[in-house]
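With the input below, show me the fold.
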Amino acid sequence: MSELKQYIRDIPDFPKKGILFKDITTLIGDGGAFGKVVDGFVQRYKDKGISKVVAAEARGFIFGGAVAHGLGAAFVPVRKKGKLPYKTIEASYELEYGTDTVYMHEDAIVEGEKALILDDLLATGGTAKAICELVEKLKGDIYEVAFMIELSFLNGREKLKDYNIFSLITY
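Next comes the predicted model:
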């Protein structure tokens, strides 16, 4: 899958100075490359009994819904405050400049359901760890935490050391 790197554009100093942003709009803007990512995840998980694909807004939704469809699984959105209409549970995580919180419907996972947590990027691991906490609050079984891109130099795996982790592309 390393050939997919050619579709990912580097944007220096975004969203702030010193950050080298991995822009995936060029990848999802190419039908073949986008399909290769979705198919790569579907092939990996097709016989694993995944019943829920859990993904965070916004870029996680791009892959999460498509992969859920390919697996014949349901999709569970994880969102920011005030974006989900029903009763929610929440988990907070640390950012370099404060904290953030993610939310999921309290009935999104049934005890024992096998969940795949999927996001576009693993950086520091905070968001993914918070999503794992949400799934575990509802007594879901986390099969794996998967990412299209992993920025290994940020050591995000450290926060997720209790889970199986998979990345299609590593920098």
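
pLDDT at the residue nearest to the spatial centre of the chain, what is it?
Closest to where the C-alpha atoms of the chain average out (C-alpha atoms, centre = their mean) is residue 119, at 1.6 Å. We have a pLDDT of 97 for residue 119.

now whichever strand or helix holds it, how far from the centre of its chain.
Secondary structure from DSSP states H and E places residue 119 in strand 114-122. Strand 114-122 has its C-alpha centroid displaced from the chain centroid by 4 Å (C-alpha atoms, centre = their mean, to the nearest Å).

tell me what that strand is packed against?
strand 52-56, helix 59-71, helix 126-137, strand 141-150 (3 or more C-beta pairs under 8 Å, 6 or more residues apart in numbering; DSSP states H and E). Every C-beta, even on glycine, is put in place using the N, C-alpha and C of the backbone.

Alpha carbons of the next helix or strand after the longest one, as CSV, please.
Secondary structure here is assigned by DSSP H and E; on that basis, the next helix or strand after helix 59-71 toward the C-terminus is strand 74-78. What follows is strand 74-78, C-alpha atoms only, in CSV (Å, rounded to 0.1, in the frame of the first residue of the first chain):
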residue,chain,number,x,y,z
ALA,A,74,-23.3,-1.1,10.7
PHE,A,75,-21.6,2.3,11.0
VAL,A,76,-21.3,4.1,14.3
PRO,A,77,-20.5,7.8,14.2
VAL,A,78,-18.4,9.4,16.9
